[in-house]
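Trainee: got a sequence here, can you model it:
(one chain, ligands or ions: 1)
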Amino acid sequence: MKLILMGAPGAGKGTHGAAIRERYHLPVISTGDLIRKAMQAETKAGEQAKAFVSAGKLVPDEMVIAMLEERLQAPDCQKGYILDGFPRTIAQAQALEEMGIVIDRVIDLEVEDEVIVQRLAGRLVCRECGATYHIQYSPPTGANTCDHCNHLLSRREDDEPATILERLRIYHEQTEPLRDYYASRGKLYPVKGQDTVEATSKLVLAAVGS
Ligand SMILES: [Zn+2]
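Mentor: Have a look, this model is predicted:
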């Protein structure tokens, strides 16, 4: 089963992707993670990607597609996968088709912009050990230090409020047309974000398995 998990940055794709992974034993392929790993490893592609991400812009298609195509050839992807954060544009959706990939369902998480800004701007990450926190939902015990390794916590560059607003603007402009694209193919399964993660997850799993 090949799924696409669609939704604005901060709509909960990571959380709900994990719920689908556990139920169906499929790997979650996040192009965001592929890009971040390349940036951390300071590969040539990673350095190029960094310039775009820091400016709140999307990494160009051909770079993302090359990283993705390599990843999808891994043995753990043979029975299917969940794509998280890709495709983001009609052109990318067409690139998937050109790779010969037939998507079964597109799960579209719908969350209000204000809710997303509140969620993302509160995220803190430890750059030492990778632990993540949220000012409201899962605060660290100390004032601004990691519970595990005591290092100072900080926001990811793309979680700065101005960057979030720019990412949402780009999302609405470029990614929302994908809804029509997949709806016209009978593959769109919209899920409205609920007040609790559990309630939303239930709807997501129902959309995958119905
Ligand atoms: Zn830490």
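Trainee: what pLDDT does the model give the residue nearest to the spatial centre of the chain?
Mentor: Geometric centre of the chain, nearest residue: residue 85, 4.1 Å, by CA atoms, centre = their mean. Here, the pLDDT recorded for residue 85 equals 81.
Trainee: just the one 4 residues further on next, same as before
Mentor: Per-residue confidence for residue 89 comes out at a pLDDT of 87.
Trainee: buried residues, the helix or strand harbouring residue 164. List them.
Mentor: Residue 164 belongs to helix 161-170 when elements are defined using DSSP states H and E. Within helix 161-170, the residues that count as buried by 16 or more other CB atoms under 10 Å are 163-164, 167-168, 170. For every residue, glycine as well, the C-beta is placed using N, CA and C.
Trainee: in JSON lines, list those residues along with pLDDT.
Mentor: Below are the buried residues of helix 161-170 laid out as JSON lines (pLDDT from 0 to 100):
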{"residue": "163", "pLDDT": "90"}
{"residue": "164", "pLDDT": "92"}
{"residue": "167", "pLDDT": "89"}
{"residue": "168", "pLDDT": "93"}
{"residue": "170", "pLDDT": "89"}
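Trainee: got a list of what the nearest residue to residue 39 once chain neighbours are set aside touches?
Mentor: Leaving aside its chain neighbours, residue 39 sits nearest to residue 46 (4.1 Å; criterion: CB to CB, 6 or more residues apart in numbering). For residue 46, the contacting residues are 35, 37-40, by CB atoms under 8 Å, 6 or more residues apart in numbering.
Trainee: now residue 133, what's its secondary structure?
Mentor: strand (DSSP: H, G, I helix; E, B strand; the rest coil).
Trainee: spell out the secondary structure type for the closest residue to it other than its chain neighbours.
Mentor: Leaving aside its chain neighbours, residue 133 sits nearest to residue 124 (4.5 Å; criterion: CB to CB, 6+ apart). Here residue 124 takes the strand state, with states given by three-state DSSP.
Trainee: quick check on residue 82: phi, psi?
Mentor: Torsion angles at residue 82 (phi, psi; degrees, to the nearest 10) stand at phi -120, psi 120.
Trainee: quick one, what contacts it?
Mentor: Residues near residue 82 by CB under 8 Å, 6+ apart: 3-5, 17, 20-21, 26-29.
Trainee: thinking again about what came up before, out of the contacts of residue 46, list just those in helices.
Mentor: 35, 37-40 (DSSP state H).
Trainee: give the ChimeraX command for selecting the buried subset of these.
Mentor: Selecting the buried subset of the ones in helices among the contacts of residue 46 in ChimeraX, with 16+ other CB under 10 Å as the burial test, is done by:
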select :35,38,39
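Trainee: could I get the ones in helices among the contacts of residue 46 as CSV with pLDDT?
Mentor: Shown next, in CSV, are these (pLDDT from 0 to 100):
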residue, pLDDT
35, 91
37, 89
38, 88
39, 92
40, 93
